[in-house]
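Trainee: Show me the folded form of this:
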Amino acid sequence: MKSEVFVTLEPDAKDKLTQCMGQEGKTSLFSIGHRGAPIQFPEHTVESNAAAARMYTGILECDVTFSLARKQFI
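Mentor: From the prediction side, this is the model:
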């Protein structure tokens, strides 16, 4: 069975995205390490975060939650 995805965009958003077709991407010095470097190492590990830092990640995003004792931890 073939599944289809339908996306509805606001008219101005669709026009802006269409204008980008055929353009080459630009290199940026800004980057976000989402849960470290998950392609190289398992998410939320010291190794993953260290790899993201070695790649000069601008922001290292991690999840913070609460324990039953209401203490925050990563």
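
Trainee: from here on, contacts and neighbour counts on C-alpha atoms
Mentor: Noted.

Trainee: how many neighbours does residue 58 have?
Mentor: Applying other Cα atoms under 10 Å, we find 13 residues neighbouring residue 58.

Trainee: How about residue 32?
Mentor: Residue 32 has 14 neighbouring residues, counting by other Cα under 10 Å.

Trainee: Got the confidence number for the nearest residue to it once chain neighbours are set aside?
Mentor: Distances taken as Cα to Cα, 6 or more residues apart in numbering put residue 59 closest to residue 32, at 4.8 Å, once the chain neighbours are dropped. Confidence at residue 59, expressed as pLDDT, is 85.

Trainee: Residue 59 is in contact with residue 35, isn't it?
Mentor: No: counting by Cα atoms under 8 Å, residue 59 does not reach residue 35; the two are 10.1 Å apart.

Trainee: ok, the two, which is more surrounded?
Mentor: Taking neighbours as other Cα under 10 Å, residue 59 and residue 35 compare with residue 35 leading, 18 against 14.

Trainee: Report the helix or strand with the lowest average pLDDT across the protein.
Mentor: helix 11-19 (a mean of 75; mean pLDDT, DSSP states H and E).

Trainee: Output that one as PDB, restricted to C-alpha atoms.
Mentor: Extracted in PDB, the C-alpha atoms of helix 11-19 (Å, rounded to 0.1, in the frame of the first residue of the first chain):
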ATOM      1  CA  PRO A  11       0.800  30.800   0.400                       C
ATOM      2  CA  ASP A  12       3.700  33.200   1.300                       C
ATOM      3  CA  ALA A  13       5.700  30.300   2.900                       C
ATOM      4  CA  LYS A  14       5.200  28.200  -0.200                       C
ATOM      5  CA  ASP A  15       6.400  31.000  -2.400                       C
ATOM      6  CA  LYS A  16       9.500  31.600  -0.200                       C
ATOM      7  CA  LEU A  17      10.400  27.900  -0.200                       C
ATOM      8  CA  THR A  18       9.900  27.600  -4.000                       C
ATOM      9  CA  GLN A  19      12.300  30.500  -4.500                       C
END
